[in-house]
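In: next comes the sequence, and after it the predicted model I'd like to discuss.
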Amino acid sequence: MTDAAIGIDIGGSGIKGAVVDCRKGDLLSDRERIDTPQGGEPEDILDTVVELFERFDGLEDDVAVGVCFPAIIRNGCTMSAANISKKWIGLEAEKLFEQRLKRDIHFVNDADAAGIGELRYGAASGRDGLTVLTTLGTGIGSALIYNGVLIPNSELGHLEIDGKEAEKLAAASVKDEKDLSWKEWAERLQRYYEHLELLLSPDLFLIGGGVSKDAGDFLPLLELQTEILPAMLKNNAGIIGAASLAAG
Ligand code: BGC
């Protein structure tokens, strides 16, 4: 595995990137961020990723690059678009990023990248059984890891709970939009994680996304049978996981 790789995490509100030490799973550079362009159109996102990438000059030309994206990714194509433009559906996105960045890249779902980050360097490392990582952000992303192996594209943010899509009920963006208190939001999370428990009987839940830095405000309010912990790599899990996958 090479030591340094770039990870780029495309989200519903921000596009973030950093140079990652792939032996340790640490950031070697500052974390750069540019707002996701309004509407999330393919051309605009590609332009923004190029702009972000150019901030990491001075690295070797063949530095590995991993890009993670908030959609189902199959064979390098984006197959869904919940919080971005519908124009992504069916696009050969990996190829488009490779053309614009002028190199091979590793392209993966954002929550799956976070899952790999936690598996290789964080809270899922060395854990047997089923770990379910959920990222709470603009939407809800999920990564299923069973005995150290990722099962990709699980998309558990789109489960229906009481007639509503889970991410429309309990994403961190819903807390902000509706100005919910931690307690009010935790009631929605309780409903969601209870449902996941019923379906999957996991051994560990991990909570990622920007709000994981405030885990102390809401995790103690949840009463679940399953151990539940914040992601150790916090909101950098996607960047670190994508870079690590690119490095090999
Ligand atoms: C998307 C997922 C993504 C999640 C978090 C959902 O709306 O369908 O692919 O992982 O948001 O960004």
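Out: Nice, I can see it.

In: Ala114 against Gly208, yeah?
Out: Yes - Ala114 sits in contact with Gly208 when judged by CB atoms under 8 Å, with a separation of 4.8 Å. Quick note: C-beta positions are derived from backbone N, CA and C, even for glycine.

In: looking at these two, which is more packed in?
Out: More neighbours surround Ala114 than the other of Ala114 and Gly208, with 36 against 32 (other CB atoms under 10 Å).

In: give me the element the residue nearest to that one when sequence neighbours are not counted is part of.
Out: Distance criterion CB to CB, 6 or more residues apart in numbering; nearest residue to Ala114, sequence neighbours excluded, is Ala237 at 3.7 Å. Element membership of Ala237 [criterion: DSSP states H and E] is helix 237-247.

In: look up how far the ligand lies from the residue of the chain most remote from its centre.
Out: When each C-alpha in the chain is compared with the mean C-alpha position (CA atoms, centre = their mean), Gly58 comes out farthest, at 27.0 Å. Relative to the ligand, Gly58 is positioned 30 Å away (criterion: CB to the nearest ligand atom, to the nearest Å).

In: which ones are touching Arg33?
Out: Arg33 sits next to 14-17, 52 when contact means CB atoms under 8 Å, 6 or more residues apart in numbering.

In: buried ones in the lengthiest helix in the chain?
Out: Under DSSP state H, the helix in the chain containing the largest number of residues is helix 182-200. By neighbour count with 16 or more other CB atoms under 10 Å, helix 182-200 contains the buried residues 182, 185-186, 188-190, 192-196.

In: now swap in stretch 123-133 and tell me
Out: By neighbour count with 16+ other CB under 10 Å, stretch 123-133 contains the buried residues 123-124, 127, 130-133.
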